[in-house]
Each structure stands twice: as C-alpha cells, then as structure tokens.
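In: need a structure here:
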Amino acid sequence: MPFFATDGEADEFGWESELSGQWHPEEGLFRNQDGRSTWLQLKFPNPTKATGATIYWDPKASENNQYFLEYSRDGEKWKQVPGARYAREKTTVGKFDMLKDAVRFKPVRAPLYRVRIEAGNDSTGFGRIREFELMGDLKQFDTLSSVSRTLKGEIAGREALKTVDNPSDPWHLDLPRPEAGVIADGIYFSAPGLENDADGSTDFCSQMQIISGCSSEDFDNYCKKLISAGYKPLEKRCLEKNIHLQFQGQGKSVYAYYTDSEGYIRVICEQTDVTQDNFSYQASAAGDPGIYQFALNYAGNTHDTMNCGMLYALLPGDGSVMMVDGGHIFQTSEEFYKGLYDFLCEITNTPEGEKLRISCWFITHSHSDHLAGASGFLRRYHDKVDLQRVMFNFPAFAVRPASTAYASQFRHTLRTYYPDVVFLKPHTGMHLDLASMGIDVMYTHEDAVKAEDAAKYPLRDFNCTSTVLKLTMGGCSAIIYGDTNVEAEKIITRNYTQALWKSDLVQIAHHCFNYLTTLYGWNQAPLILVPNSLENCSTEKNLPKLQDALQYATKGAYYESECTYGFRPSEDGFVLCYQQPRVGKLGYDGTGN
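Out: Below is the predicted model:
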C-alpha cells in the first residue's frame, strides 16, 4: 500500500517505518519538536541493513546548503553514514520536475535512519523534501522503505515491501539454500528489461547471490538440489574449468555458474520465462553472413560533435540483421537515420514495402554514445521495422547509475512501439544461435562482483559493465568488446586462458581510449575494427594503446569515421565486401533527438 503523511500529523506504517516530526505544508518539510532542526526519519522494529538512499527535492531547493544522512542505534546518538557518495540530477516524476540525489554508502545496520537539514538552512527552501527512500538488502528488492507526501494533490507513494523471514540468514533468494561454501550477505541487482528502474528496483530486476569457498562438485550438488525442487535444467556448458547451467521453472529463470579461479558459485534469479534456448532460433539460409561497421562522425568532443560512439550491423544469414549499439545523439540527424534505414534494407535485401527484420538489438552498456541512436532510429522507423528481440545486461540503477535518461528513453521506446519484443538478459557462459550465427557471452559486470561486498559493483570504471561477446559465422570468429577496460581485462584473464580468445576480427575497445594489452595479445586478430577516427587514434596518448592490436592486424585496421565497411567470412578469415561513404553532416544539426 502507498503511505504518506498528512498535514500536521505523523502516521505509522506497520512494520517498516514510522515518521517522526510534523508536516508543514507551507514550507514543504517536517520539523522536530523544537522547531529549529529539520529531518525526515525512518524507524524499523529491528536493526536493518542499508546501503544507500534516494532523496527527491522540490526543484526550487537550494543546491548549496548541506544535509546529512544519519543513523542511530538508540535514538539519542546519531552518526553520519560512512563513505557516502552523492550524485544529483534533475528529473521528472509524473508531471512534476524534481531534483534527485542518489546516495550510496558503506553498509550500516541500525533501526533508525534520517535525512537531516542543518538548522537555519530551511529558509532557503532546501528542506523541501518530496520523498526519502532508504535502500539495502531484502529478500526481493533493495528498497527497504519509502515515505512520501501528497504532491500537488497526488500521492507519490510506493508499495510496501515484505521483510525477510529470517533476517540473520544471508540467503535471500526464493530458491533452495546451498549447503556448501560460505553465503555472501548481500544481493546484487541487475536492471530489468523494458521496465524503468531509475526510481527503484522492479519485479524484473535480476537478483544475484554469491557462495564462496566452493568446488565444481559443490556446484553439481547445488544444481541437483535445484532439479529436485522442480527446476528444469537446460544445456550445461563448460568454458575451460568454469561451469554454466540455466534452469527454468515456477515462472523463473535461474542461472547458476561456477568460476574455478575464485571458487565462487553465482546464482541469478529472474522473473522471466525467456532462456538462451527459446531466445535462439534456426532458419534457412537467405544471404551471406557478415559484419558491418556503420560510419559515424568522430569530429571531436565539443558542443555538437563527439569522439566516441559505436554502431555495428551483423548479418546472421537469414535475411535479418542484428544491431549492436546505436551511436551518440551528436552523431545522428534525420539524414543519418534515413541513411541507416536504407543501408540496412540494402544489406538484408529487404524489398520495398516489406518490413526490415531486426532479429536482435544488442546494447553493450548503458552509456549515451551507445544508446541514443538506437532510440532515435526506432522512434522514426517503428512502422517499417520488425524488431523481434532485445538483449542487454546493465547494473540496476541503484547499484551503479549511468546515462539514466538515455537508458530510460530506450526502454520507453521499446514499451511504446515494441511491447511484445522478446528480451534476454545475457549472463556469462550463455550460448545463443541466431540463424547461422553463434553468440557466446564471455563477460558481464556480474563477474566483477566480490563476496566481501556482494551487493556492490566494485570497479572504478562503468565501461567495465560492457557485455563482451564472441561471434562465430561461416567458420570465422569475432570479438565485440564494447567499452571494456583494464579492470575487466584482469577478471577475464584470471578466469580464462588464451585458448578461447583467439579470433579473426576484433572490435577495438572503448574507442581506443584504454589499453587491453593482454587480451589483444590473446586475440591476435588479423583484422581490427576501430569505433573512432584515425586522427583521434593517432594521438601520442592513444596510438600506443592501438599498437597492441595493430601489431597483429595483417589485414589492416578500419576506422568507423571513414566509411561504412562490410566483411564476410571466408576460408581465409574475414574479407572486405562492402564500402560506402559516411551519411550525415559533420556537426549535430539538432534533428536527431
């Protein structure tokens, strides 16, 4: 049930919280009894673990005054939450503009939490709190409780959440409890598919727990326990010493995998019936497979140009196309979108009057230079495009926010124009078949999560949330790195040997802005595709990073700024089969929104 405070009183809200103070509608805040300090307080019947908070403010609130997130174990002594990191953005909730603060801090366990504004600061309007939400580790979600007030006649409330049956038990998933190893206390959330989680976790966020100190035998035993509980196993896959197995049952997908180098079992639970098996499909040949790098403008990084962005088109060989990312908004225009549509119809041999068939749109990660163009294209050509599948794996916003507006826009576009599109969240070790093209998921951000802080994305660089794919077509292989950086490289090279990574083609990671010395050495790819311009990659800072891959590139390097290039597999690896000039103006003309 939604819950809120009414004028002049404080309501109690069952198990989860009670609100201390009095509501002052003329000021938009709660005051304690002495009238000098201002705070909004949440009270729990038992000590409750929290790891973050979200606070919504009136847009007129001052951005300069200070406030404090505090906790107390006795109601008398209050301490600031440790290691707090703040991120502010302007947002809209319903039809109302607000300021939103996302705060993450080191785990705290206490019965009392509050957001407090210093005495005297409320005269500036900074005390205009619209909503205060506390987040932590519960059985189903990371939202512990939220308190809200009537907002211009509307209630901005949330559904109350259930408590864990046994708060002392670290196993929170609604699945059989593992018997071996050490269960890490904490749930790691990955973002939902078409739903928007910028305002809190949804039913469709996947939840992952880690069991450390395990062996492959322990993994097999836990899989047997899942089978005994009624979960149907799909094909078991072994990538060297790592084991991966997906289960289906009771309206859920359960994905479990064992990483030998860590001795970890990761168990991921999702409310979906989409699996790697029913996401895959077979089809009769209707054209040659291939990889195309669609030309983008990389003039620079100014108010109307961009030095990053990426957009690839993959042909599975059945007359459809699989898209990878979409480019930055500064690289788009009406001319660009029409050129992209015409190009895709050309390479798929789509007759005039028939819908272009996009068998899958894959987004490597949720940065705007990989998302924006995808939304713009689908909004313009949804009536001419049959989008059948979508695939991405982002961290939940509460875990690691990035490019929220564009991620939300992309999901909104899908919900609006393709509400029945099949969505898959890829996990490491999955294998997919789209017609004649094989896809192996080699890395996701879930691989980075550690048992000692199991609810947290631990890496500095958000680019390491990029999902890494290995493609096979026509007897040739290719690696899609997205914006993978050195932190992810350390994890990958710890978990695998070189044997799985040699490839005929490689996409240079992160627009040539970082090193991947070991992985490029493992790839030894004779052909490299570079999502940037030759000029940007030839700087004193970037050229050494590219050189790690160039030394193996006997068939050359192709830059995305120059032309749209296409390559088809052959007995001698990938060979150039298509080349056309870039479409669109050099600078952003404002028509690509």
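In: Pick out the residue nearest the middle of the protein.
Out: With distances taken as Cα atoms, centre = their mean, the residue of the chain nearest its centroid is residue 394 (1.2 Å).
In: Could you please name the strands the longest strand along the chain pairs with and the direction of each pair?
Out: Taking DSSP state E as the criterion, the chain has its longest strand at strand 96-117. Paired neighbours of strand 96-117 in the sheet (DSSP bridges): strand 38-57 (antiparallel), strand 67-72 (antiparallel), strand 85-93 (antiparallel).
In: Tell me which of the ones you listed is the most buried.
Out: Of the strands paired with strand 96-117, the one with the most neighbours on average (mean count of other Cβ atoms under 10 Å) is strand 38-57, at a mean of 21. The way it works is simple: take the backbone N, C-alpha and C, and place the C-beta from them, glycine included.
In: pLDDT (mean, whole number) over it?
Out: Regarding strand 38-57, the rounded mean pLDDT is 77.
In: Could you report the distance from the closest residue to residue 382 other than its chain neighbours to residue 380?
Out: In this structure, residue 382 finds its nearest non-sequential neighbour in residue 417, 3.9 Å apart by Cβ to Cβ, 6 or more residues apart in numbering. Using Cβ to Cβ, to the nearest Å, we find residue 417 at a distance of 10 Å from residue 380.
In: repeat for residue 530
Out: Distance from residue 530 to residue 380, by Cβ to Cβ: 28 Å.
In: In terms of neighbours, single out the busier of the two.
Out: Neighbour totals were compared for residue 530 and residue 380, and residue 530 leads with 26 against 17 (other Cβ atoms under 10 Å).
In: low pLDDT regions in the stretch 401-550 of the chain?
Out: For the stretch 401-550 of the chain, the stretches with pLDDT under 70 are 402-404.
In: show me where it has helices.
Out: Remark: helices assigned in the stretch 401-550 of the chain by DSSP state H, counting those that start in this stretch are 404-417, 486-495, 517-523, 534-537, 543-550.
In: can you list the domains in the chain?
Out: Domain assignment for the chain by automatic domain parsing gives 4-155, 182-277, 287-581.
In: Quick one, which of those gets closest to residue 175.
Out: For these, the distance to residue 175 is smallest for domain 182-277, at 5.9 Å, taking Cβ to Cβ.
In: Could you work out the end-to-end span of that closest one for me?
Out: By Cα to Cα, to the nearest Å, the extent of domain 182-277 from end to end equals 31 Å.
In: residues near residue 575, how many?
Out: Residues near residue 575, counting by other Cβ under 10 Å: 15.
In: what bridges to it?
Out: Taking DSSP bridges as the rule, residue 575 bridges to residue 568.
In: hang on, isn't it packed against residue 556?
Out: No - using Cβ atoms under 8 Å, residue 575 is not in contact with residue 556, being 11.1 Å away.
In: what is in contact with these two at once?
Out: Common contacts of residue 575 and residue 556, defined by Cβ atoms under 8 Å, 6 or more residues apart in numbering, are absent altogether.
In: where does this protein dip in pLDDT?
Out: When residues are selected by pLDDT under 70, those of the chain lie in 1-38, 60-66, 93-96, 118-130, 136-168, 199-201, 300-305, 402-404, 585-588, 592-593.
In: try 50
Out: Filtered on pLDDT under 50, the chain yields the residue ranges 1-36, 64-65, 119-127, 137-165.
In: what angle separates the longest strand of the chain from helix 404-417?
Out: Comparing the axes of strand 96-117 and helix 404-417 via axes from the mean of the first three to the mean of the last three Cα atoms, to 10 degrees yields an angle of 140 degrees.
In: Measure how far strand 96-117 is from the centre of its chain, please.
Out: Offset of strand 96-117 from its chain centre (Cα atoms, centre = their mean, to the nearest Å): 22 Å.
In: list the buried ones in it?
Out: Within strand 96-117, the residues that count as buried by 16 or more other Cβ atoms under 10 Å are 98-105, 107-108, 110-117.
In: now swap in stretch 208-222 and tell me
Out: 208-212, 214, 218-219, 222.
In: How about stretch 483-493?
Out: 483-486, 488-489, 491-493.
In: Contacts only, for residue 495.
Out: Residues near residue 495 by Cβ under 8 Å, 6+ apart: 242, 259-262, 447.
In: what two of these are the furthest from one another?
Out: 260 and 447 (12.7 Å).
In: circling back to that earlier point, out of the domains of the chain, which gets nearest to residue 591?
Out: Closest approach to residue 591 among the domains of the chain (Cβ to Cβ): domain 287-581, 4.4 Å.
In: sorry, back to before: redo the domains of the chain as a markdown table? Include distance to residue 590.
Out: Formatted as a markdown table, the domains of the chain follow (distance: least, Cβ to Cβ, whole Å):
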| stretch | distance to residue 590 |
| --- | --- |
| domain 4-155 | 21 |
| domain 182-277 | 26 |
| domain 287-581 | 8 |
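In: which residues of the stretch 201-350 of the chain fall in strands?
Out: 206-212, 232-233, 237-239, 242-249, 252-259, 264-270, 290-293, 312-315, 321-324 (DSSP state E, counting those that start in this stretch).
In: Summarise which helices and strands the third one is packed against.
Out: Secondary-structure packing of strand 237-239 (3 or more Cβ pairs under 8 Å, 6 or more residues apart in numbering; DSSP states H and E): strand 242-249.
In: Give me the contacts around the strand it packs on.
Out: By Cβ under 8 Å, 6+ apart, the residues outside strand 242-249 that reach it are 216, 219-220, 223, 226-227, 229-238, 253-260, 273, 275-277, 427-430, 495-496.
In: separation between the nearest residue to residue 234 once chain neighbours are set aside and residue 277?
Out: What sits nearest to residue 234 in space, not counting adjacent residues and going by Cβ to Cβ, 6+ apart, is residue 246, at 4.6 Å. Using Cβ to Cβ, we find residue 246 at a distance of 8 Å from residue 277.
In: and these two? which has more neighbours close in?
Out: More neighbours surround residue 246 than the other of residue 246 and residue 277, with 23 against 14 (other Cβ under 10 Å).
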